[in-house]
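Enquirer: just to be clear, the model below is a prediction. Sequence and coordinates:
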Amino acid sequence: MTIEVYGENDMKTLGAKLGALLKGGEVIELVGDVGAGKTTLTKGIAQGMQIDEDVQSPSFTISRVYDAPSGLILAHYDFYRLADAGIMANELHETVNDKNTVTIIEWAEIISGILPKNHLTITISNNATNESARHVVLRGSGDKAAALLKELI
């Protein structure tokens with residue numbers, strides 16, 4: 001599924017719609033250049049999960065964790081600065097298998113072997129004709145991710 005998003009508010013709105021559908025155990029891979037809107041989308045997902053904390057990019061900390069009032073956890077990873085997952089691979093393996101955690105991963109190439117077969121990949125790219133617009137391609141791998149996409153439509 002491809003969606004055209006026009007600006008930061010639209011990106012957050014898309015994220016909020018997705019976040020409201022999450023029940024725990026979902027893994028979302030975010031793909032896009034620096035500044036594409038991956039963290040903005042994550043902020044929207046957190047809003048949809050009713051998380052009140054200020055969601056920040058984990059670029060320098062590698063991971064950030066937020067608690068939702070529902071008891072779910074949002075774990076946000078960014079592997080941009082890593083050449084090798086190292087010890088983070090163990091933590092990530094536990095996180096993606098936790099049924100109470102929604103896991104969002106940016107720059108997942110170095111841990112592609114850890115990603116479960118059932119995950120959602122969201123690719124964000126610039127629109128050549130409008131600087132503030134983005135093409136957002138959502139692709140589900142596995143039954144759970146495919147069902148989530150159907151709910152989102």
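Expert: Received it, and whenever you're ready, just let me know what you need.
Enquirer: distance check, residue 8 against residue 107.
Expert: Distance of residue 8 to residue 107, given as Cβ to Cβ, to the nearest Å: 21 Å. (Each C-beta comes from the backbone N, C-alpha and C, glycine too.)
Enquirer: what's the weakest-modelled helix or strand in the chain?
Expert: helix 88-96 (a mean of 83; mean pLDDT, DSSP states H and E).
Enquirer: what does stretch 123-134 rub up against?
Expert: Residues outside stretch 123-134 that contact it (Cβ atoms under 8 Å, 6 or more residues apart in numbering) are 4-8, 11, 30-33, 36-38, 41, 135-137, 139.
Enquirer: where do the strands of this protein begin and end?
Expert: For the chain, applying DSSP state E gives strands covering 2-6, 27-31, 63-67, 73-78, 101-106, 119-127, 130-141.
Enquirer: in JSON lines: those, plus mean neighbour count and mean pLDDT.
Expert: JSON lines is the format used below for these (neighbours: other Cβ atoms under 10 Å; pLDDT from 0 to 100):
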{"stretch": "strand 2-6", "mean neighbour count": "14", "mean pLDDT": "93"}
{"stretch": "strand 27-31", "mean neighbour count": "23", "mean pLDDT": "95"}
{"stretch": "strand 63-67", "mean neighbour count": "16", "mean pLDDT": "93"}
{"stretch": "strand 73-78", "mean neighbour count": "23", "mean pLDDT": "94"}
{"stretch": "strand 101-106", "mean neighbour count": "24", "mean pLDDT": "95"}
{"stretch": "strand 119-127", "mean neighbour count": "18", "mean pLDDT": "93"}
{"stretch": "strand 130-141", "mean neighbour count": "16", "mean pLDDT": "91"}
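Enquirer: can you lay out these as CSV showing distance to residue 89?
Expert: Shown next, in CSV, are the strands of the chain (distance: least, Cβ to Cβ, whole Å):
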stretch, distance to residue 89
strand 2-6, 32
strand 27-31, 14
strand 63-67, 12
strand 73-78, 11
strand 101-106, 12
strand 119-127, 16
strand 130-141, 20
